[in-house]
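In: Please find the sequence and the predicted model below.
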Number of protein chains: 2
Amino acid sequence: MKNAFYAQSGGVTAVINASACAVIETARQYPGQIGKVYAGRNGIVGALLEDLIDTSQESDEAIAALRHTPGGAFGSCRYKLKGLEENKAQYERLIEVFRAHNIGYFFYNGGGDSADTCHKISQLSETMGFPIQAIHIPKTVDNDLPITDNCPGFGSAAKYVAISTLEGTLDVASMAATSTKVFVFEVMGRHAGWIAAAGGLASPEDCPIPVVILFPEIPFKQDEFLDKVKSVVEKEGHCCVVVSEGVKNPDGKFLADAGYRDAFGHTQLGGVAPVLARMIHGELGFRCHWAVADYLQRSARHIASRTDAEQAYAVGKAAVEMALAGANAVMPAIIRASDDPYRWEIGQAPLDQVANVEKRMPKAFISREGYGITEECRRYLVPLIEGEDYPPYSRGIPNYIRLKNRPVAKILKTPFRL
Amino acid sequence: MKNAFYAQSGGVTAVINASACAVIETARQYPGQIGKVYAGRNGIVGALLEDLIDTSQESDEAIAALRHTPGGAFGSCRYKLKGLEENKAQYERLIEVFRAHNIGYFFYNGGGDSADTCHKISQLSETMGFPIQAIHIPKTVDNDLPITDNCPGFGSAAKYVAISTLEGTLDVASMAATSTKVFVFEVMGRHAGWIAAAGGLASPEDCPIPVVILFPEIPFKQDEFLDKVKSVVEKEGHCCVVVSEGVKNPDGKFLADAGYRDAFGHTQLGGVAPVLARMIHGELGFRCHWAVADYLQRSARHIASRTDAEQAYAVGKAAVEMALAGANAVMPAIIRASDDPYRWEIGQAPLDQVANVEKRMPKAFISREGYGITEECRRYLVPLIEGEDYPPYSRGIPNYIRLKNRPVAKILKTPFRL
């Protein structure tokens, strides 16, 4: 009977631990088929360094609490394995560690880069003669994995952004008569506007609010944008601008990198929100407030989407079941059956079609003028933010679990340098 | 039978509308004693411009929904009445409007400046011979009103900051091994560190996390701060810095105003979070992420404190009851009877002791080294963030009410310029 390895990779989310919870709980249901679940401390780095966490030391209650705890409970990493030809020593090391700890199942919970890592591991039987089944568990707030209809983690970030956009807009609406008229809200998305698009959900057709969205897909035209903000403020009295961090000028440069210099002449890499706030105030004279959500949007478990939490659990559970059914080099994918009522099921995607493929937002999701979302986009997004899934609280703050994370005793004598 | 005037003033909060809800619901319970409740559109400005909203046009259900809706439902303002000697015309205009609309009760919902405005109104019987009862309803995220133990609005902002600090810290903890080690989170507080102090609640004694707080009360010492961050990262692997927007250098200058210039040489007034992130990265080499909460912290009704929502309602209700009992120039105040179990009641504060008095955070609430909160501070803060009070949702976002806000027909022929 083989042990399993599970690790988290890349930027964490509000629900990645729900997938971890599912992997461990499901594995515990098959004590005759899967031995222990060892978690990599800090992702694949934990495997390379033989720094494994013994999840069997955690109680059922502690593992259950992972379902409502944000962040990466075992630590994540930004570390991409090189190709087999480039760095064979890495793969030899992994096999050494897996062999030492009798690991036959490899579950990797991450986005596009991690799918690539997982795919390389899945080929170890063929390429290096070491038998292992590698299953990728999708996770990314960027929603950019192919095949799967959406990525666990995105729905909760989208819900946070939709609600924050609504709340920020109600605030600036109250202040606009004598003070601030524009609220600029910066959200994640270097290449794709999925998260920014969620700002559009704050403005449903039957109860619209003045939201202007800047997508990284649309080159930023300063004059046109300022005209847009001006006309919205003149009509509505106020305006909320939701801006994706990755918005670029027509010359392809990030707007956030707008040539600002500090007192010493160094480039100041700031957020794009203050750049826009300054531009709007300078050119239109409107007082602005601005916010940058950064980590908060991807760790806001307190307002996670129920759909998202359920799907994060479902892909983790399916990963273990696929492994037990003999699968390798696959990823559980969310398959949408219908929008309204929303129905979905778990399918199985071949990893070679997932790794290094980036799903962009369809052009048809952005309104013709480029500052809003279409009804098609809304139909896609709404089910992903539906439902609330509140964590338990104690003394006013959520009861997020901090695991013991006891290390597995090292077996290998050889150290390894990353 | 006299009508009532109600208006909202200054920065809005997650629960100011709960006070509005209470004023209107309570007034509706005394149809023989109070006529209509007219709301000022955009605070006192609405009274000066005779721009009144007829709240009797709103259904009981709509008014009830105010209890869970953030922002200022009738619009707020930043507008302070001058002294009677300086601008008598303003007061004559107010009396003209009040007389035209048979207004005998004046409820003003705001912070320190608004208490001053309310106090001036309360003196109109004496100074100008116009009979009116003016009651101030406390509201401010800054928690700086005297006499009242705390200010409605603060508890929900504090809860948002505590939870966001916890969630952001769990995020950076996951990333720290191979990527970002420090998360900088900027919160409100120009003069007092009440909101920043709430970041300390993310780190309870029995489950501490590495949070370093920068208070406006403590002059910023760069070397000492960097040493602190360095030692925390070396010990814990990561660090969360919660910084009050009002942090100042020892020379009294805002740190946020750190001499940054844009490409054109203009001063760039940015947030303090990016300044710190750049400093930490530049001096210590740690990768940083940063967030600026801005309006989101004071409009986050989705995670409002139940204590706060209840108290906001209670002060609105008490204001009407005090008016009916004949009071003038007073403010309902929250009186704390005990910390644990938390017990409070509503008292009555004389407005002349409230107006223009700013309550600072006690020195004993800041830890000796200056980067954290004391147990005394924690005992004070915890009850204020306790309990959740979730709004209803539909299609993934909260059902916040947008009132009809129908204007009251103007009676006066004379226009008025602000």
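Out: Yep, it's here.
In: any idea how far the closest residue to A:Thr69 other than its chain neighbours is from B:Pro210?
Out: With sequence-adjacent residues excluded and distances taken as Cβ to Cβ, 6 or more residues apart in numbering or on different chains, A:Thr69 is closest to A:Tyr400, at 4.3 Å. Every C-beta, even on glycine, is put in place using the N, C-alpha and C of the backbone. Remark: distance between A:Tyr400 and B:Pro210 (Cβ to Cβ, to the nearest Å) = 15 Å.
In: and A:Glu217, what does it touch?
Out: Contact partners of A:Glu217, counting by Cβ atoms under 8 Å, 6 or more residues apart in numbering or on different chains, are A:Ala192, A:Gly193, A:Arg360, A:Met361, A:Lys363, A:Ile366.
In: Point me to the helix or strand that includes it.
Out: Taking DSSP states H and E as the definition, A:Glu217 sits outside all helices and strands.
In: A:Ile213: what secondary structure?
Out: On the three-state scheme (DSSP: H, G, I helix; E, B strand; the rest coil), A:Ile213 is labelled strand.
In: thought it was touching A:Glu369?
Out: No: the pair A:Ile213 / A:Glu369 is not scored as a contact, 10.7 Å apart, by Cβ atoms under 8 Å.
In: does the longest helix seen in chain A come close to chain B?
Out: Longest helix in chain A by number of residues, with DSSP state H as the criterion: helix A:154-175. Yes: using Cβ under 8 Å from any Cβ of the partner chain, helix A:154-175 reaches chain B at A:159, A:162-164, A:166-168, A:170-175.
In: Check the burial of A:Ala337 by counting its neighbours.
Out: Residues lying near A:Ala337 (other Cβ atoms under 10 Å in any protein chain shown) number 10.
In: Am I right that it falls within a strand?
Out: Yes: with three-state DSSP as the criterion, A:Ala337 is assigned to a strand.
In: got the contact list for it?
Out: For A:Ala337, the contacting residues are A:Arg343, A:Trp344, A:Glu345, by Cβ under 8 Å, 6+ apart.
In: swap the cut-off to 6 Å and go again
Out: Residues in contact with A:Ala337 (Cβ atoms under 6 Å, 6 or more residues apart in numbering or on different chains) are A:Arg343.
In: what's the nearest residue to the residue in chain A sticking out farthest from the centre if we skip its chain neighbours?
Out: Distance from the C-alpha centroid of chain A peaks at A:Thr178, with 38.8 Å (Cα atoms, centre = their mean). Spatial nearest neighbour of A:Thr178, excluding adjacent residues (Cβ to Cβ, 6+ apart): B:Cys77 at 4.4 Å.
In: What helices and strands are in contact with the helix or strand bottoming out on mean pLDDT in chain A?
Out: For chain A, using mean pLDDT, DSSP states H and E, the weakest element among its helices and strands is helix A:124-128, scoring a mean of 89. The helices and strands touching helix A:124-128, judged by 3 or more Cβ pairs under 6 Å, 6 or more residues apart in numbering or on different chains; DSSP states H and E, number zero.
In: Check what contacts that helix and list those residues.
Out: By Cβ under 6 Å, 6+ apart, the residues outside helix A:124-128 that reach it are A:Leu84, A:Ile95, A:Phe130, A:Pro131, A:Ile132.
In: Tell me if stretch A:231-239 is near chain B.
Out: No: applying Cβ under 6 Å from any Cβ of the partner chain, one finds stretch A:231-239 separated from chain B by no less than 8.9 Å.
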